[in-house]
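Student: 3D, please:
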Amino acid sequence: MISKIAFALFLTLALNAKSPLDLFNKINDTKKSLAQTNVDKTHLSKKMQEIALKIKKLNKEILELDKKLDQLDLYITAQKQKYQDAMDQINSINSTINAIDRDINQKKKEFAKKISRTLGAVVAKNISGEKDEESILLQEIYEKYKNYNQQEILKLSKSIEQKKELKRALIAKRDKISLGISNVQKQRSEYLKEQNKKKKLLAKLKRDEQIYAQQLKNLYKRQAAIRATLAKLNIVAKEAAKEAKKRQEELKRRIRELENLRIASSKKRKRALREGKKVEYKVVTINSVKQYSSSYTTSNITKYYGPKTIPPLRGPKIVKDFGTFIDPIYKIKSFNDSITLVSRSGDNRVYNVLNGKVIYVGNNPMLGKMVVIEHSNNLHTIYADLDRISPFVKVGYLIRKGSVVGKIKRKLIFEATKNGKFINPKDLINL
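Tutor: Predicted coordinates:
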C-alpha cells in the first residue's frame with residue numbers, strides 16, 4: 001500500500017517537473033513538508049522560551065503545594081472537634097488561673113496590711129515607754145490583737161500557698177492538654193505557611209503569564225504590522241495581514257480559557273475532597289491546538305532556489321527562527337515568516353544583501369524603523385526593528401549589495417519574499 005502511494009506521488013511530481021533538477025527540488029520540498037507535519041518547532045525568542053519554562057515550573061510547584069495543603073486540611077478537619085474541646089479546656093483553665101492570680105494578689109495585700117499593722121503597734125509601744133494604767137490596758141489589748149493578727153497572717157500565708165499549688169496543678173494540666181494537640185497546632189501553622197507560599201507563587205505566575213502574553217501579543221502585532229505594510233506595497237496578499245490579526249483575538253480568548261479551566265479544576269478538586277472521592281492532581285493546560293499555519297503556509301510560503309548572498313549582519317546568530325511554531329502555553333499554532341538575528345561580532349550595522357531599489361522607509365511603534373528593498377526577479381527584503389536608518393537610504397534610491405541600511409540596538413527582524421510569497425531567509429543568505 002505504501003509503495004503504491006509513493007509511486008503515485010513520484011509520478012505526480014515527475015509530470016509537473018520541468019527538469020531533473022526541478023524534480024529533485026520538488027522531492028526535497030515534499031520530504032521537508034512531510035517531516036514538518038510530524039515535528040512542530042518552537043520558534044520563539046530565547047527570552048520567551050525561558051518565561052514559558054518558568055511558567056511550567058511554577059505550575060508544577062503550585063500543584064505540589066495543592067497536594068500538601070489538601071492533606072493538611074484533611075488532617076486538621078478530622079482533628080477539629082478534639083482540638084476545639086482541648087482549646088475550650090485550656091481557655092477554662094486559663095480563666096481559673098487568672099482568678100487565682102487575682103485572689104493571691106488580694107491576699108498578699110491583706111497579708112502586707114496585717115504585717116504593717118503589727119509592726120506599727122510594736123514600734124508605737126516601744127516609743128511610748130509609758131507605764132500608767134492606760135498603757136497597761138493598751139498592752140493587754142495589743143497582745144490579744146497581735147496573737148489574732150498572727151493567726152490571720154498564718155491563715156493568709158497557707159491560703160496563698162494552696163492557691164499557688166492549685167495554679168501549678170492547673171498549669172501542668174494545661175501543658176498536658178497542649179502537648180496532646182501540639183501536632184494539630186504544628187499542622188495548622190504549616191498550613192498557613194504553605195498557603196502563604198502558594199499565594200506568592202500564584203502572584204508570580206500571574207506576573208510571568210502577563211509578561212509572556214504581552215510578548216506574544218507584541219510578536220503577533222509586529223507580524224501584522226509588517227504584513228500590512230507589505231500588503232499596502234502590493235508585495236503580499238491582504239489575507240496575510242488579516243490572518244495575523246485573527247491570532248491576536250485568539251490569544252485573548254485563550255487567556256480567558258486557561259483561567260476558566262483553572263477555576264473549574266479547583267472546584268472539581270475541592271468537591272472530590274468534600275465527598276471523599278479520589279482527587280486528580282495535574283497541571284491545568286490548554287490541550288487543543290488552534291491552528292493558524294497550514295492554510296497560510298500553503299498559500300503564502302514558497303521555496304527559494306536561487307544563489308545565496310551575504311547576511312544582513314556580521315557574524316549573525318538566529319534567536320528566532322522561520323517556520324511553524326506552537327506557543328507552549330496557549331497552544332496557538334502559527335507561522336513565523338521572518339528570522340530574528342543578533343550580531344556575534346559586535347558590529348551593529350545592517351547591510352543590504354543584494355543590489356536593489358529602496359521602495360519603503362518608515363517608522364512603526366511595534367517595528368521601530370523599517371526598510372523594504374526591491375531586487376530583481378520580483379524578490380524583496382525587509383529590515384525591521386532598526387534603531388537608525390542610513391541618510392543615504394531614501395525611497396527611490398538605488399542601493400548596492402553590502403551598503404549600510406542602518407543600525408540596530410539589539411536585534412534585527414529580517415524577512416524576504418519572492419513573487420509575493422514569503423521565503424525562508426536562511427535559503428537566501430549565508431549563515
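
Student: which residues of the protein fall in strands?
Tutor: Ranges of strands in the chain, per DSSP state E, are 290-291, 316-320, 323-326, 332-336, 339-343, 349-351, 356-364, 368-375, 379-386, 388-389, 398-399, 404-407, 412-418, 421-423.

Student: chain center to the second one, what's the gap?
Tutor: Average the C-alpha atoms of strand 316-320, do the same for its chain, and the two points are 27 Å apart (Cα atoms, centre = their mean, to the nearest Å).

Student: cool, the longest one as well?
Tutor: The offset between the C-alpha centroid of strand 356-364 and the centroid of the whole chain comes to 40 Å, using Cα atoms, centre = their mean.

Student: tell me the angle of it relative to strand 368-375?
Tutor: Between strand 356-364 and strand 368-375, the angle comes out at 160 degrees (axes from the mean of the first three to the mean of the last three Cα atoms, to 10 degrees).

Student: who does strand 356-364 pair up with?
Tutor: Take DSSP bridges as the rule and strand 356-364 pairs in its sheet with strand 368-375 (antiparallel), strand 398-399 (antiparallel).

Student: out of these, which one sits most buried?
Tutor: Between the strands paired with strand 356-364, strand 368-375 has the highest mean count of neighbours, a mean of 22, where neighbours are mean count of other Cβ atoms under 10 Å. In this view, the C-beta of every residue, glycine as well, is placed from N, C-alpha and C.

Student: tilt between that one and strand 379-386?
Tutor: 170 degrees.

Student: flag the shaky bits of the stretch 51-200 of the chain, pLDDT-wise.
Tutor: Scanning the stretch 51-200 of the chain for pLDDT under 70 picks out 114-149.

Student: now do the helices in it.
Tutor: Secondary structure of the stretch 51-200 of the chain (DSSP state H, counting those that start in this stretch): helices located at 80-128, 133-180, 182-232.

Student: Ile51: which of those is closest?
Tutor: helix 182-232 (4.6 Å; Cβ to Cβ).

Student: can you list the strands paired with strand 356-364 in JSON lines and add mean pLDDT and distance to Phe335?
Tutor: Rendered in JSON lines, the data for the strands paired with strand 356-364 read as follows (pLDDT from 0 to 100; distance: least, Cβ to Cβ, whole Å):
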{"stretch": "strand 368-375", "mean pLDDT": "93", "distance to Phe335": "20"}
{"stretch": "strand 398-399", "mean pLDDT": "95", "distance to Phe335": "29"}
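
Student: those strands: which one's closest to Thr285?
Tutor: Between the strands paired with strand 356-364, strand 368-375 lies closest to Thr285; by Cβ to Cβ that is 34.0 Å.

Student: contacting residues for the residue nearest the centre of the chain?
Tutor: The centroid of the chain falls nearest to Leu205 when counting by Cα atoms, centre = their mean (1.8 Å). When contacts are counted by Cβ atoms under 8 Å, 6 or more residues apart in numbering, Leu205 touches 55, 58-59, 62.
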